[in-house]
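Undergrad: please work out how this folds:
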Amino acid sequence: MSFHHLNLTVMDDTFAVCKLDADAPIPPWATAGSHFSITRTADELSVVCRQDAVPEGVVAERGWRCLRVAGTMAFSVVGVLASLIAPLAEAGISVFALSTFDTDYLLVKEEDMTVALDALRRRGHAIK
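TA: Residues are numbered from 1 along each chain as shown. Purely as a prediction, here's the structure:
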């Protein structure tokens, strides 16, 4: 498999991944800030948003930093996430991945960020 060499941007905010009941309304705090993701399934409502917006008492994994793949990619581009996840898996780093119409995002725990960035750079990815 051929791997891509990608340009990544480290986003400034610290994020939380939250779990709410499947039938919960989307809370106003979930859409605070310019970057958030909301996914509803039959089992849950998942919210990824700025950590400082999440109220106490909400079930959440806190302390995530976010890497954004710079630019936009066509849907036909294959292996983008694999190019990022493989070196992180080899380094023993867990990730939470998000995709949008234009690009991909990888969330990495704050305490793993230095090791994650080193692993990605060793695979030829550029990070700003």
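
Undergrad: and the contacts of stretch 23-33?
TA: 13, 18, 20, 36, 38, 45, 47, 49-50, 53-55 (Cβ atoms under 8 Å, 6 or more residues apart in numbering). In short, each C-beta sits where N, CA and C put it, glycine included.

Undergrad: worst-scoring helix or strand of this protein, pLDDT-wise?
TA: Across the helices and strands of the chain, mean confidence by mean pLDDT, DSSP states H and E is lowest for helix 80-90: a mean of 93.

Undergrad: for residue 36, give me phi and psi.
TA: In terms of degrees, to the nearest 10, the main-chain angles of residue 36 are phi -160, psi 160.

Undergrad: show me what contacts it?
TA: So residue 36 contacts 30, 47-50 (Cβ under 8 Å, 6+ apart).

Undergrad: could you redo the last one with a cut-off of 10 Å?
TA: 13, 15, 26, 29-30, 47-50, 53 (Cβ atoms under 10 Å, 6 or more residues apart in numbering).

Undergrad: likewise for residue 53?
TA: 13, 15-16, 18, 27-33, 36, 47.

Undergrad: hmm, try it at 6 Å
TA: Residues near residue 53 by Cβ atoms under 6 Å, 6 or more residues apart in numbering: 29, 32.

Undergrad: ok so, going back, C-terminal to the least confident helix or strand of the chain, what's the next element?
TA: strand 95-99 (DSSP states H and E).

Undergrad: list the strands paired with whichever helix or strand comes after that following strand, with their directions.
TA: Moving toward the C-terminus from strand 95-99, the next helix or strand (DSSP H and E) is strand 104-109. Strand 104-109 has the following strand partners under DSSP bridges: strand 60-69 (antiparallel), strand 95-99 (antiparallel).

Undergrad: what about the longest strand in this protein?
TA: Ranked by residue count under DSSP state E, the longest strand found in the chain is strand 7-20.
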